[in-house]
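# generate a structure from the sequence data that follows.
(one chain, ligands or ions: 1)
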Amino acid sequence: MAVAPNAVTARVKKIRRRRLAGELNVEQTQDLAQVAAILEASGIRTAGLTRPAACYLLAYLGAEPVGAVGVETVVDAALMRVLAVRGPMRRHGIGAALVAAARKAAHTRGARRLFALAPDGDYLRRFGFVSAAASELGDALGGVSAILAAPDEAASCSAFCLDISRDGVIVR
Ligand SMILES: CC(C)(COP(=O)(O)OP(=O)(O)OC[C@H]1O[C@@H](n2cnc3c(N)ncnc32)[C@H](O)[C@@H]1OP(=O)(O)O)[C@@H](O)C(=O)NCCC(=O)NCCS
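Residues are numbered from 1 along each chain as shown. Okay, the predicted model is just below:
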């Protein structure tokens, strides 16, 4: 195809962050095989990973992928879909870094509430998540059955919600 003389051509340059040994970085990824490997190692199901609205973040310690989180946004609400840190790497703040990154990703995509599903919310409560009704999560995200990859997921988990509507607000 001929390019018009005045057409602006852009070269897409992939920017890969330098990963320094011992440094923790959380990056958006399209490497779903790596995300799946981390989830499987934690016994978390991988169904629904390829849903188009989902974005995934990987935590790297140096060059090694050590944790993953998924965020799916529907208008002004988001669901933290999965969260896992490799067993030997736990209790070093990697889970907290992933929750912070998921929160930022949700806010950046316009979400005012960040939902999560978990068997118990003890870890999530550390970050201010509070119990929510399944119907609240369903209403915000277009129906519980529409967002869950497996029908039994809702039965084994409870809903939690974090108000992120004031993220980014500068108080004067
Ligand atoms: C939950 C998980 C992501 C935390 O990752 P992590 O990197 O160890 O988390 P952090 O280092 O930020 O926090 C560790 C702290 O959380 C606590 N913690 C970890 N899992 C917890 C849980 N399920 N309930 C309550 N507290 C928990 C640890 O005891 C530790 O406490 P301390 O700071 O007082 O020592 C990780 O344990 C994991 O992958 N678990 C299996 C998958 C899972 O349960 N995912 C759903 C989470 S809602």
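# list the residues that contact residue 118.
124, 157, 158, 160 (Cβ atoms under 8 Å, 6 or more residues apart in numbering). Backbone N, C-alpha and C define where each C-beta goes, glycine included.
# and the first one, helix, strand or coil?
Here residue 124 takes the helix state, with states given by DSSP: H, G, I helix; E, B strand; the rest coil.
# which pair of the contacts of residue 118 spans the longest distance?
Greatest spatial distance among the contacts of residue 118 (Cβ to Cβ): 124 and 157, at 11.1 Å.
# those two: which has the busier surroundings?
residue 124 (22 against 16; other Cβ atoms under 10 Å).
# might one say that the more buried one is in contact with residue 114?
No: Residue 124 lies out of contact with residue 114 (Cβ atoms under 8 Å); the separation is 9.8 Å.
# now the common contact residues for these two.
With Cβ under 8 Å, 6+ apart as the test, residue 124 and residue 114 both reach residue 162.
# now the strands for the chain?
All strands of the chain, identified by DSSP state E, fall at 24-29, 54-61, 64-74, 77-85, 113-118, 130-132, 158-163.
# turn those strands into CSV, including distance to the ligand.
As requested, the strands of the chain are exported to CSV (distance: least, Cβ to the nearest ligand atom, whole Å):
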stretch, distance to the ligand
strand 24-29, 10
strand 54-61, 8
strand 64-74, 6
strand 77-85, 4
strand 113-118, 4
strand 130-132, 13
strand 158-163, 8
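# of all these, which one comes closest to residue 93?
strand 24-29 (7.6 Å).
# returning to what we had before: any idea which of the strands of the chain is most buried?
Compared across the strands of the chain, strand 77-85 shows the largest average neighbour count, a mean of 25 (mean count of other Cβ atoms under 10 Å).
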